[in-house]
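Peer 1: Compute the structure for the input listed below.
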Amino acid sequence: MSSLPSSSSSPSIASPPSSSSTALTSPDAPDPARPGAHADLAAGARPDGPSAALAPTLLEVNGIEVIYHHVILVLKGVSLQVPEGGVVALLGGNGAGKTTTLRAISNLLAGERGEVTKGHIALRGERIERLTPSELVRRGVVQVMEGRHCFAHLSIEENLLTGAYTRTDGQAAIAHTLEKVYAYFPRLKTRRASQAAYTSGGEQQMCAIGRALMANPTMVLLDEPSMGLAPQIVEEVFEIVRDLNQKERTTFLVAEQNTRMALRYADYGYILESGRVVMDGAAAALRENEDVREFYLGMGGTDRKSFRDVKSYRRRKRWV
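Peer 2: Numbers count the residues shown, from 1 in each chain. Predicted structure coming up:
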């Protein structure tokens, strides 16, 4: 794979005139609360979505079901699309199925005794469910695992170089990518000789993302990048993600519990609950949606007068 192309402008995956905000509220549009609404979306019933813009679809997940240990059904018909050059957020609480969705895409389920039993996953139209994780890396899909998972006994630079293990374009190209990673993560350059175990959580997260970039990816799957980090470091990490997307045209699918931060930097979002996609739309539309504001952003309606009202959850989620 050639080195990452550079671009000076952010990719546009804005919805067409019948925007996602309209789709979330209009009575003529599929209601996210209605059973089967997202099955209709997977079948192409709704024209808007992240791939509705000019950017071609890079990744398509169509109606997948995932079972662990042959008995535990975790994902129940999840469908989503990621356009090339976009940033898509996968949102939801703990246990919603975000990590399992990423593992299904990167084919890491087998290590957890899980498998995709229904549906399909396609990268640029090619089915990838049967590919090995290393084959996916060679095709440009790299996952940054939840919890960072740096090699504690290796230095920062040694950790970064492990990400280039599958590359065959020569040492000069790898050295060029390493310098590019240091340009995006100047903290790593100052700590390049430090043992990873003795660096901060933020530096380890940057190291994990930098290691993924060393593989020269087309698409990065980011699993809970804000977990365990101070708010200032979280914002710094997401700013770097935005820069990588805008300047290198790297596509990101980000699984994140920090809904406010994810919708601030993403173009499009999907909300998962109990293994199902219950709502999706442009990030700007989701930020303004009443249910999302109340149940994920902690911004209740104007009729709330006391904490007792908040605690009672008088309004139910419309999709339950």
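Peer 1: For the residue nearest the centre of the chain, which non-adjacent residue is spatially closest?
Peer 2: With distances taken as C-alpha atoms, centre = their mean, residue 254 lies nearest the centre of the chain, 1.8 Å away. For residue 254, ignoring the flanking residues on the chain, the nearest one in space by C-beta to C-beta, 6 or more residues apart in numbering is residue 222 at 4.5 Å. (C-beta placed from N, C-alpha, C; glycine too.)
Peer 1: Confirm for me that the one you found is in contact with residue 205.
Peer 2: No. The pair residue 222 / residue 205 is not scored as a contact, 9.7 Å apart, by C-beta atoms under 8 Å.
Peer 1: C-alpha coordinates for the longest helix along the chain, PDB please?
Peer 2: The longest helix of the chain (DSSP state H) is helix 231-248. Output of helix 231-248 as PDB, limited to C-alpha atoms (Å, rounded to 0.1, in the frame of the first residue of the first chain):
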ATOM      1  CA  PRO A 231     -11.000  15.300  29.800                       C
ATOM      2  CA  GLN A 232      -8.100  17.400  28.500                       C
ATOM      3  CA  ILE A 233      -6.300  14.400  27.100                       C
ATOM      4  CA  VAL A 234      -9.600  13.000  25.600                       C
ATOM      5  CA  GLU A 235     -10.000  16.300  23.700                       C
ATOM      6  CA  GLU A 236      -6.400  16.200  22.500                       C
ATOM      7  CA  VAL A 237      -6.800  12.600  21.200                       C
ATOM      8  CA  PHE A 238     -10.100  13.500  19.300                       C
ATOM      9  CA  GLU A 239      -8.400  16.600  17.800                       C
ATOM     10  CA  ILE A 240      -5.700  14.400  16.400                       C
ATOM     11  CA  VAL A 241      -8.300  12.000  15.100                       C
ATOM     12  CA  ARG A 242      -9.900  15.000  13.300                       C
ATOM     13  CA  ASP A 243      -6.500  16.100  11.900                       C
ATOM     14  CA  LEU A 244      -5.800  12.600  10.600                       C
ATOM     15  CA  ASN A 245      -9.200  12.400   8.900                       C
ATOM     16  CA  GLN A 246      -8.900  15.800   7.300                       C
ATOM     17  CA  LYS A 247      -5.200  15.800   6.300                       C
ATOM     18  CA  GLU A 248      -4.600  12.100   5.600                       C
END
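Peer 1: which residues touch the closest residue to residue 194 other than its chain neighbours?
Peer 2: Leaving aside its chain neighbours, residue 194 sits nearest to residue 156 (5.7 Å; criterion: C-beta to C-beta, 6+ apart). Shown in contact with residue 156 (C-beta atoms under 8 Å, 6 or more residues apart in numbering): 188, 191-194, 196, 199, 203, 207.
Peer 1: Strands along this protein, start to end?
Peer 2: 57-68, 72-83, 87-91, 114-123, 126-127, 141-144, 219-223, 251-256, 268-273, 276-282 (DSSP state E).
Peer 1: Would you list the strands that the shortest one pairs with, along with their directions?
Peer 2: The reference is to strand 126-127. strand 114-123 (antiparallel) (DSSP bridges).
Peer 1: Between strand 57-68 and the partner strand, find me the angle.
Peer 2: Orientation check (axes from the mean of the first three to the mean of the last three C-alpha atoms, to 10 degrees): strand 114-123 against strand 57-68 gives 170 degrees.
Peer 1: quick thing: my sequence starts at 40, can you match it?
Peer 2: Yep, numbering from 40; the last one is strand 153-162 now.
Peer 1: CA atoms only for strand 153-162 - export them in PDB, please.
Peer 2: Listed in PDB are the C-alpha atoms of strand 153-162, where the atom choice follows Å, rounded to 0.1, in the frame of the first residue of the first chain:
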ATOM      1  CA  GLY A 153     -17.800 -15.600  19.100                       C
ATOM      2  CA  GLU A 154     -19.000 -15.800  15.500                       C
ATOM      3  CA  VAL A 155     -21.100 -14.000  13.000                       C
ATOM      4  CA  THR A 156     -24.100 -16.300  12.300                       C
ATOM      5  CA  LYS A 157     -26.200 -14.000  10.100                       C
ATOM      6  CA  GLY A 158     -25.800 -11.100   7.700                       C
ATOM      7  CA  HIS A 159     -22.600 -10.000   6.000                       C
ATOM      8  CA  ILE A 160     -19.800  -7.400   6.100                       C
ATOM      9  CA  ALA A 161     -18.300  -5.900   3.000                       C
ATOM     10  CA  LEU A 162     -15.200  -3.800   2.400                       C
END
